Every structure is written in structure tokens, then in C-alpha cells.
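> Provided below for reference: sequence and predicted model.
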Amino acid sequence: MESLIKFVQDEFVTKKEFAEFAAGDTITVYYEIKEGEKVRTQFFRGVVIQRRGTGLSETFTIRKMSGTVGVERIFPVNLPSIQKIEVNKKGKVRRARIFYFRGLTGKKARITEKRR
């Protein structure tokens, strides 16, 4: 049964190609918002907390600070309203899911950038 689901996902669902990113990276996600008849583009810039799942059910969580309040948003990778994803900084972290990042404030909340 699982192989049948995987086959249908691979054959019939169009997968979008975005830049590679992982936990610790700072990215900007541009996505469409419908307000009545109008459609506008909004962006969400923050640090990737985690990537989760595989195939069609893959999601990623982004955290940003809005004033003094932390805001997290979960995006499915194959969301039709996502226009593009830009990688602003590659972060150097040692874990795939950086939930400890939620509790950090000030200078401790900085993620060092990867050297190229």
C-alpha cells in the first residue's frame, strides 16, 4: 500500500524546486495571500527551526521575532501559494531540530554563519 502511495506521489504530483536549506538557516518565504478578490504577496523571514517529513507531507518551521514576541509558522514544502524561497544566511548548528532556540535571548540567540 505504501509503495502505491509513493508511486502516485512521484508520478502525478508536481514538485516545486527551491533552494536547499536546513535547520539554522535564515530564509525568506514569499507566499500569496488572497483577500477577497485581490491576491498579494507577503514574505516571512526567519530562522528554520526544523524540517520534518518526506515527499508530499514534508514541512518546515520558521521562527522570527516580531518585536519581543516570537512567531513561528509551519509551511508545507509543496504549498501551492509559495512563490519562492530565498536563503539569506547559512547557519552553523549541530542539530536537525533546534527547539532549544526558543528559550534563548540576547547574544545567545545568535547563530554563527557557515564559512564557505
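Happy to help now that I have it.

> ok, what's across the strand from Phe44?
Beta-bridge partners for Phe44, by DSSP bridges, are Val29.

> ok, it touching Ile62?
Yes: counting by C-beta atoms under 8 Å, Ile62 is a contact partner of Phe44 at 6.1 Å. Heads up, the C-betas are built off the backbone N, CA and C, glycines and all.

> higher neighbour count, those two?
Set Phe44 next to Ile62 and count neighbours by other C-beta atoms under 10 Å: Ile62 wins out with 23 against 14.

> quick check: closest non-adjacent residue to the more buried one.
Spatially, and ignoring its direct neighbours in sequence, Ile62 is nearest to Gly46 (4.2 Å; C-beta to C-beta, 6 or more residues apart in numbering).

> ok, that neighbour to Arg110 distance?
Separation of Gly46 from Arg110 (C-beta to C-beta, to the nearest Å): 14 Å.

> out of those two, which sits in the busier spot?
The neighbour count for Gly46 versus Arg110, taken as other C-beta under 10 Å, is higher for Gly46 (21 against 9).

> buried residues of the particular helix or strand that has that one in it, list them for me.
Assigned by DSSP states H and E, Gly46 belongs to strand 38-52. For strand 38-52, burial by neighbour count (16 or more other C-beta atoms under 10 Å) applies to Gly46, Val47, Val48, Ile49, Gln50, Arg51.

> among these, which one lies nearest to Asp10?
Arg51 (19.4 Å; C-beta to C-beta).

> show me the contacts for the closest residue to that closest one other than its chain neighbours.
Closest residue to Arg51 apart from its sequence neighbours, by C-beta to C-beta, 6+ apart: Phe60 at 4.7 Å. Going by C-beta atoms under 8 Å, 6 or more residues apart in numbering, Phe60 touches Phe21, Val48, Gln50, Arg51, Arg52, Ile74, Phe75, Val77.
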